[in-house]
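Trainee: Sequence and predicted structure below; questions after.
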Amino acid sequence: MTISLFPATDKIRDLLNEQLAALETRLEADFLCQHGPIIDGNETLFLRIVEQIANEKKHDTLYVCLTTTGGSATDVERYVNIIRGNYKEVNFIVPDYAYSAGTIYCMSGDNILMDYSSVLAYHYLAIDFIKMQNFNGMLHTRRFL
């Protein structure tokens, strides 16, 4: 007999897994849910997870449900290479937001599905630098090499 210290958490996890299984059946695709920042050092774990999902179902399509504040564009490149090595079609679902590197990640997909209130936003430091040069309505341009 297994006794859980977190029965509510277990119940929520079980309900989410049931709903994901129903989506996989209906769309004939695998699902990966990512929530949180895209940080350095998770590539090996990400590789193992994607390969495990790909080996269990053998669908050609993956849906990534993504909510992220962003992070490392270098890691996104590696994530995309891992996913594309296992799937022919990749679609992104953005229920809330995918900022910065998350936007780059979504742009690698074949389709992006969003709600009318969902947000993609790319944060570009050079633009912020130019905005900082705007004193009293006068834009002082800088040359970037």
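Mentor: Yep, it's here.
Trainee: And the most centrally placed residue in the chain, how far from Gln34?
Mentor: Centroid-nearest residue in the chain: Leu66, 3.7 Å away (criterion: Cα atoms, centre = their mean). Computed with Cβ to Cβ, to the nearest Å, the distance linking Leu66 and Gln34 is 5 Å. C-beta: built from backbone N, CA, C; applies to glycine.
Trainee: Helix, strand, or coil at Leu66?
Mentor: For Leu66, the reduced secondary structure class is strand; criterion used: DSSP: H, G, I helix; E, B strand; the rest coil.
Trainee: and it, what does it touch?
Mentor: Contact partners of Leu66, counting by Cβ atoms under 8 Å, 6 or more residues apart in numbering, are Gln34, His35, Phe92, Ile93, Val94, Ala98, Gly102, Tyr105, Cys106.
Trainee: What about those residues, which one has the most neighbours?
Mentor: Neighbour counts for the contacts of Leu66 peak at Ala98, which has 30 neighbours (criterion: other Cβ atoms under 10 Å).
Trainee: Might one say that Pro37 is in contact with Gly71?
Mentor: Yes: in terms of Cβ atoms under 8 Å, Pro37 counts as a neighbour of Gly71; the distance is 4.6 Å.
Trainee: So which of these two has more stuff around it?
Mentor: With other Cβ under 10 Å as the criterion, Pro37 and Gly71 differ in neighbour count, and Gly71 comes out ahead with 19 against 16.
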